[in-house]
Structure formats: C-alpha cells, structure tokens
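S.K.: Starting from these lines, generate the structure:
(2 chains)
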Amino acid sequence: MSETWVVVVVVGVVTIVFKAAGPVLLGSRQLSGRTLRVVELLAPVMLTALVVTQTVGGDGGIAVDARVAGVGAAGIALWRGVPIVPAMAIAAVVTAALRALA
Amino acid sequence: MAVTGAEAAGAPRLRDGVRAAAPLAAGPVLFGLSYGVLAVDAGFSTLAAGVFSATTFAGSAQFAAGSVLETGGSAVAAIVAAAMLNARYVPMSVAAAAVFPRPLWRRLVEAQLIVDESWALAGRGGRFDRHVLVGAGLLLYVLWVASTVVGTLVGDRLGDPEDYGLDAAFAALFLGLAMPYLRSRRALEASALAALLVLCLLPFTPAGVPIVAASAVCLLGLRR
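M.R.: Numbers count the residues shown, from 1 in each chain, chains lettered A, B, ... in the order given. Here you go, the predicted model:
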C-alpha cells in the first residue's frame, strides 16, 4: 500500500471513531444537571476556539494578518445585528482587499 | 446513502438543514477544489483523495495531512497532525450525542455527518436539532466529496482560496454562530478563558491541540 493510502485509511478510521464516540458510547441517555452544564458550554467554547485559530492561527503559531481586520469588521457587523452570511461576505471582502493591496 | 432512504418521513425537516447550510455552499466547494489540487501535489490519486474526503470529511485535517506529505513529511507525521485536528470531534459528538436515533449502526452512520458547520448550525437553538445536523451534513458532504474529485482533475487553475478571503469568512461564520451563546454570563466567561488558552497554546503546540485543550474549560460548568 502506498504512503498516501496508509494516511487515507488510518486518518479515515480514526476520524470515524472520533465522530461516533459520543453517539455510540453515550447513546440517547439524558445527562444529569452538572454534566449537562458542562456539555452546554461545549458549543460556545469550541466555536470561540475555532474563531481564534481561524483568525490568528498560522504555520508555527500566531500570525496577525489581513484576516484580523476582516474578522474584526464582521464582528462589528454581527454585533450591530447584521446576519451571518452578509457578515461572512464582509470578512471575505475586507480580507481579500487587504491581501490584494499587500 | 442509507440515511436519506430511511429519512423519507422526516424529509421536510431535513430540508431545513439543507436550507440552513445552502448559503455556506461556496465554502466547501472552493475549499474542496483547492484541497483536490493540494492532494495531487502531495501524491494522492483522484481515487485516494475522493476516498479521503468521503471517509474523513473534515477539511482542516485533510489539508494538514496533505501539506505534511507535500512538504516531504512522513505518513506518521501526516496521520498525527490530522488526528490532533480531528480530536475536537470527540467533545463535539458528546455534546450532540442525545439526538441520534437507535439502532447503534444508525448512530454510527449519522454521526459521520458531524462537521464544524453542520454541528454549529444544528446547535444554534441551544438544543441540538438532528434534522438540521443531518440535512446540513449531507449537503456539505456531497459538495465536499464532489469538489475534491473535481479539484484533482482541474488542477492548479483556480488560485488560492485565501486570495478570496475565505479563511476569514469561516472565522466570521463561527463567530456569528458563537454570539447567541455569549449572552449567558457563564458561557461568556468560559469562552473568554478558552480564547486566552488557545492564544497561549498556539505558538507551542501542534495544530489542533489548542482547540482540544480549550474544551477542558467546559469543566467550569461544574461550579454551582
């Protein structure tokens, strides 16, 4: 088997196991009060972590570039009530424009 | 797919998920195309790249594995990088676990449609909606696999999706999806701490680790 196929198969199996872990192990069991409060924090915490890595994550650590301005502009728009899709467009346009100028 | 056939009765609500994900369609298409281009450079055949997208269905991990191989890294390094990035799906699938139906094999199959965007859209109301997760997941899945295959065939004629600012658009998506949660003081505190933790870890850990580490912040929920 070539190297690429090894990667495809191993990463595929690992990811399938990761994604199935919760539903298969926990099933549809109702969570207790304290556990529920922990799980309820997962969404905002993971989303925030994704925002930060997607905005300043780069090769070998933190990279501050045009993305920061784009996401900042989108953040202001969202805070003022602009819906998500137009806010995404704002982020893309601001970032692309700054990159084109650079 | 088995899911669509078995889901005929729930079709109208499944459509809600498809509709919720439709405005995001440009993202997976452009990223899928550029992933296909990268995969060819990294030595993947069209079949291997297509199978990778169909089984792993997680763009960031596939990009990471592809770029490790493309820059001369070993298969082990590529696997570790991709596994680290995808480890976040453990806490994410735990959060969504209760919505998946019996029997076990169906849970296993439907859980594969968990991807950042479908998971985030399905959790928008504060409770996970299975129809949104499955509907959005299916649309994103089809687009991702198809555009990967097309990308391996058309090659390098597309330019870099970063030129269009797509990376920032995705950050904006996640920010927009996070915002409704942040009205709760508990969630706001936990998120601020998570952001700080990610910033502290980013320079020192492999990609993916900061996000997984940040999930530990949720233990704040144990406080009264």
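S.K.: how about the helices in chain A?
M.R.: A:3-26, A:33-40, A:42-56, A:66-79, A:84-101 (DSSP state H).
S.K.: List the residues that contact the nearest residue to residue B:153 once chain neighbours are set aside.
M.R.: Nearest non-adjacent residue to residue B:153, counting by C-beta to C-beta, 6 or more residues apart in numbering or on different chains: residue B:46, 6.5 Å away. C-beta coordinates here come from the backbone N, C-alpha and C atoms, glycine included. Residue B:46 sits next to B:40, B:149, B:152-153 when contact means C-beta atoms under 8 Å, 6 or more residues apart in numbering or on different chains.
S.K.: How much space separates residue B:46 from residue B:174?
M.R.: According to C-beta to C-beta, to the nearest Å, residue B:46 and residue B:174 sit 31 Å apart.
S.K.: returning to that earlier point: of the contacts of residue B:46, just the buried ones, PyMOL syntax please.
M.R.: Of these, the buried ones go into a single PyMOL selection, burial set by 16 or more other C-beta atoms under 10 Å in any protein chain shown:
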select buried, chain B and resi 40+149+152
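S.K.: Go through the contacts of residue B:46 and name the one nearest chain A.
M.R.: For the contacts of residue B:46, the closest approach to chain A (C-beta to the nearest C-beta) belongs to residue B:40, at 10.5 Å.
S.K.: The contacts of residue B:46 into JSON lines, with extra columns for pLDDT?
M.R.: Putting the contacts of residue B:46 into JSON lines (pLDDT from 0 to 100) gives the following:
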{"residue": "B:40", "pLDDT": "89"}
{"residue": "B:149", "pLDDT": "97"}
{"residue": "B:152", "pLDDT": "94"}
{"residue": "B:153", "pLDDT": "93"}
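S.K.: Can you list which of the contacts of residue B:46 are found in strands?
M.R.: In strands, judged by DSSP state E, none of the contacts of residue B:46 are found.
S.K.: center of chain A, which residue is that?
M.R.: residue A:50 (3.3 Å; C-alpha atoms, centre = their mean).
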